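[1] coordinates only, no sequence provided:
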């Protein structure tokens, strides 16, 4: 199953460390099969607020994503970003081919207490 590293990075002033980080990061994830899926492209906020930028890197699986994150190559350059840009970064596994969200809904309904009735439209 594919895995993704998703970063919500706040706006930051231009800095030479950030430019170096951007130049070097592809070389850290390519050995693990990673590639940019989204990289600081414009986004449209549909609900709530989302200041800053989105970065998404795809990997063949969660093991490769974790190996990249923990790699000496990435850990060496991570401070170039983290010293200058605040943000949140998550790692998440994708869903398998043929994923059926109806099965998740059924399991959720089955876990509800018997006295809970859904609201009527």
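    Ah, there it is. Keep in mind that this is a model prediction, so the values were computed, not measured.

[2] just the strands in this protein please.
    For the chain, the strands defined by DSSP state E occupy 3-9, 35-39, 53-59, 87-93.

[3] which residues of this protein score low on pLDDT?
    Residue ranges of the chain with pLDDT under 70: 116-121.

[4] can you give me the helices for it?
    16-29, 62-70, 72-82, 101-111 (DSSP state H).

[5] name the surrounding residues that touch the third one.
    Spelled out, that is helix 72-82. With contact meaning CB atoms under 8 Å, 6 or more residues apart in numbering, helix 72-82 is reached by 9, 17, 18, 20, 21, 24, 25, 27, 28, 29, 31, 68. C-betas here are computed from N, CA, C, even on glycine.

[6] just how off-centre is that helix within its chain?
    17 Å (CA atoms, centre = their mean, to the nearest Å).

[7] what's the answer for the shortest one, then?
    The chain centre lies 13 Å from the centre of helix 62-70; the measure is CA atoms, centre = their mean.

[8] quick check: buried residues in stretch 12-29?
    18, 21, 25, 28, 29 (16 or more other CB atoms under 10 Å).

[9] report how many residues lie close to residue 3.
    By other CB atoms under 10 Å, the residues close to residue 3 number 20.

[10] quick one: it from residue 56, how far?
    11 Å (CB to CB, to the nearest Å).

[11] one step back: want to throw the buried residues of stretch 12-29 into JSON lines with distance to residue 102?
    Rendered in JSON lines, the data for the buried residues of stretch 12-29 read as follows (distance: CB to CB, whole Å):
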{"residue": "18", "distance to residue 102": "44"}
{"residue": "21", "distance to residue 102": "42"}
{"residue": "25", "distance to residue 102": "38"}
{"residue": "28", "distance to residue 102": "39"}
{"residue": "29", "distance to residue 102": "34"}
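
[12] which one of these is nearest residue 110?
    Of all the buried residues of stretch 12-29, residue 110 sits closest to residue 29, with 39.7 Å by CB to CB.

[13] list the contacts for the closest one?
    35, 57, 59, 68, 74.

[14] understood, closing this out.
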